[in-house]
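Visitor: The amino acid sequence is not available; the structure is as follows:
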Ligand SMILES: Nc1ncnc2c1ncn2[C@@H]1O[C@H](COP(=O)(O)OP(=O)(O)OP(=O)(O)O)[C@@H](O)[C@H]1O
């Protein structure tokens, strides 16, 4: 490996930008002095390294003297020392980089959907009232897959839509729900049968979609990823060095300090995003990499570059498996092995270069000018346009599968698998996990970081991402404050006459809208963080609790600023009760409403992946929250079911607290026509208690209600935590 020559990552990289091993683009002094890739490419001789440094320094001195700038000898010495230290780390990292090659074998692997229909569902299906669910049919997703996938090669899983590519990739990488899917047969890594949990911790998996934080740069994304993925035994300097190395190896140098970008925000290109996602996984130097549709959504040139990158990383003794829809012909040539699937069956597994001959032997000759990948996928696909075409395509598939089973490639493979089987136990053994773990390097096996380490990292990352987006951050706080300004303009200087009664209750009711504002904010901002969290939790980087607490750390300050801003703007402009205690209670209620609204937002976003569905459901819920708060219909007059429901609404408690807070002890006048007697003596409402009585709030115990409101807000958040932790159904893998 040490003698490997660099492979240009793109056709252009060799021309316009320097190659991986290019001397000129390396810094001599600084944290990224000698990237690992370039050391490997040059060989590991320290003398050679020192010689190169000396040459550079000599050159530098000449240059300095040309410009008549005297660099003090101590500075040069210090620089040299620093550089040597960095090189020492780089060389030791490289020497420790001991990738253990992994061969993956699949032995009669079958994947079926479990019957997860409920008792009611089954009864309805039986009665014919509803269509039988796919699960109810125990659908076979993959049928008797046998394979051996070797290191140092790119194995591409090809097939039409729905042929089972992603299912196969997820099955091999241990990313499936046991409750939904039943896997039989042997999935072995170096003839060991590790548990899906160990596989998930050991392999790199790049999903179809890139989940990255839009306001971080490429370098920062990798740095945070390194801090989360690499074990604490690796020093921070080493982690950063790995990042620089990945930037270089994946040709991300030009965009290293560019923000990733997101919806409506310019950032790096789609291909660079893909490479960044690959880079995040490569940080732990995994011996096995899985990639689901790494070229999806990319133009053909960028797709080519991405597959070239995969070819490059596979040559570092890695086992690289990717699914791909329809590769163009020059991409097809980059694959070493191809697995062709149709309807969950293996139609071919072998070298890409052998495919044309194999299918020709079966009388399926690829036309000269046609892309072989297109041709092979076409002949395997099932044509459902009419019964005759469907039957014909199933017959053709039968011939292709039989032809593959009769081929020498298949016979050799079966022989290889049966020999391997003799030496291992048929069932998964805990020992296999231990043995495979020994074969993997210490950095390769990811383990969940304790919360006291992960929380500061995730929180720092979220803050950076949130504060960089100045417009969103300002909007987040100013939305609440702006609403306060609007309220202040509408209800400016509320008097203590009869109009003041209505204006007060109107303003207090409107203040409950805080719950909506928080919800809308959450639905707009949380999904990006959630998707990254799902991905990183799947990678086993940290726990739900760490994410949950770090989200609180980011959210609570925004809510504090927002509630204080709203209270300051409205309280004095409207002339509400001039008491410090009342101001504090009002602010606390607003804060709790924001917190509860955010909880509802988090809850629906955790339950429903689709933002549209989440928003609709949350809006319906929140309308109920405000309608049932008590301003329209007192709790006591509600039907029984709604009354109990009412008790678990923070808005009910918030409404009575802010009303009692403002109205208890208040007195109202009724000048002139506002009075019942016409001369201002008998007022329709003369005390705040009278107003409270109309809502049945006259006996409210403030301490009691505040405690319930705060407890409910906390309880909502705990429900959010439990849903985030246990509901993994909508998690996109
Ligand atoms: N959890 C599941 N529940 C129901 N059906 C499933 C499930 N997982 C996979 N399938 C079905 O299995 C088949 C294979 O799906 P898979 O996603 O593996 O196909 P694919 O080849 O990756 O397709 P595409 O290229 O369109 O992504 C499809 O018919 C799909 O509907």
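Guide: Happy to help now that I have it. Predicted, not measured: the structure shown is a model, and the values here were computed from it. Residues are numbered from 1 along each chain as shown.
Visitor: The closest residue to the ligand within the stretch 501-650 of the chain: how many residues sit nearby?
Guide: Residue of the stretch 501-650 of the chain nearest the ligand, by Cβ to the nearest ligand atom: residue 609 (14.0 Å). The way it works is simple: take the backbone N, C-alpha and C, and place the C-beta from them, glycine included. Number of residues near residue 609 (other Cβ atoms under 10 Å) recorded here: 16.
Visitor: so what pLDDT did it get?
Guide: pLDDT recorded at residue 609 is 80.
Visitor: likewise residue 652?
Guide: 93.
Visitor: residues in contact with the helix or strand in which it is found?
Guide: Using DSSP states H and E, residue 652 sits in helix 650-663. Helix 650-663 is contacted from outside by 504-505, 508-509, 511-512, 515, 576-577, 582, 585-586, 589, 592-593, 596, 625-626, 628-631, 635, 646, 688-689, 691-692, 695, 697, 700, 702, 705-706, 708-709, 712-713, 716, using Cβ atoms under 8 Å, 6 or more residues apart in numbering.
Visitor: can you rerun that using 7 Å?
Guide: 504, 508, 511-512, 515, 576-577, 582, 585-586, 589, 592-593, 596, 625-626, 628-631, 635, 646, 688, 691-692, 695, 697, 700, 702, 705-706, 708-709, 712-713 (Cβ atoms under 7 Å, 6 or more residues apart in numbering).
Visitor: Narrow the residues you listed to those in helices?
Guide: Per DSSP state H, helices hold the following members of these: 504, 508, 511, 515, 582, 585-586, 589, 592-593, 596, 625-626, 646, 688, 691-692, 702, 705-706, 708-709, 712-713.
Visitor: and the helix holding residue 652, how far from the chain's centre?
Guide: 39 Å (Cα atoms, centre = their mean, to the nearest Å).
Visitor: Excluding covalently adjacent residues, which one is nearest to whichever residue of the stretch 201-350 of the chain sits closest to the ligand?
Guide: Relative to the ligand, the nearest point of the stretch 201-350 of the chain is residue 325 (5.6 Å; Cβ to the nearest ligand atom). Nearest residue to residue 325, sequence neighbours excluded (Cβ to Cβ, 6 or more residues apart in numbering): residue 293, at 6.4 Å.
Visitor: residue closest to the middle of this structure?
Guide: residue 532 (2.0 Å; Cα atoms, centre = their mean).
Visitor: Tell me the buried residues in the helix or strand that contains that residue?
Guide: In the assignment (DSSP H and E), residue 532 maps to helix 514-538. Neighbour-count burial for helix 514-538, counted by 16 or more other Cβ atoms under 10 Å, picks out 514-523, 525-538.
Visitor: Distance-wise, check the nearest residue to residue 667 once chain neighbours are set aside relative to residue 338.
Guide: Nearest residue to residue 667 in three dimensions, chain neighbours excluded: residue 687, at 5.7 Å (Cβ to Cβ, 6+ apart). Between residue 687 and residue 338 the computed distance is 84 Å (Cβ to Cβ, to the nearest Å).
Visitor: If you count surrounding residues, which of those two has more?
Guide: Per other Cβ under 10 Å, whichever of residue 687 and residue 338 has more neighbours is residue 338, with 24 against 15.
Visitor: Once you drop chain neighbours, what's closest to the more buried one?
Guide: Counting by Cβ to Cβ, 6+ apart, the residue nearest residue 338 is residue 352, at 4.8 Å.
Visitor: Around that neighbour, how many other residues sit close by?
Guide: What residue 352 shows, counting by other Cβ under 10 Å, is a neighbour count of 22.
Visitor: need the contact list for it.
Guide: With Cβ under 7 Å, 6+ apart, residue 352 has these contacts: 332, 335-338.
Visitor: near the ligand, which residues of this protein show up?
Guide: 113, 134, 141, 159, 161-167, 180, 325 (Cβ under 6 Å from any ligand atom).
Visitor: Of those, which is the most crowded?
Guide: For these, neighbours tallied by other Cβ under 10 Å; top is residue 159, 27 neighbours.
Visitor: which residues touch the closest residue to that one other than its chain neighbours?
Guide: Leaving aside its sequence neighbours, residue 159 sits nearest to residue 341 (Cβ to Cβ, 6+ apart; 3.7 Å). Residues near residue 341 by Cβ under 7 Å, 6+ apart: 157, 159, 163-165, 168, 347.
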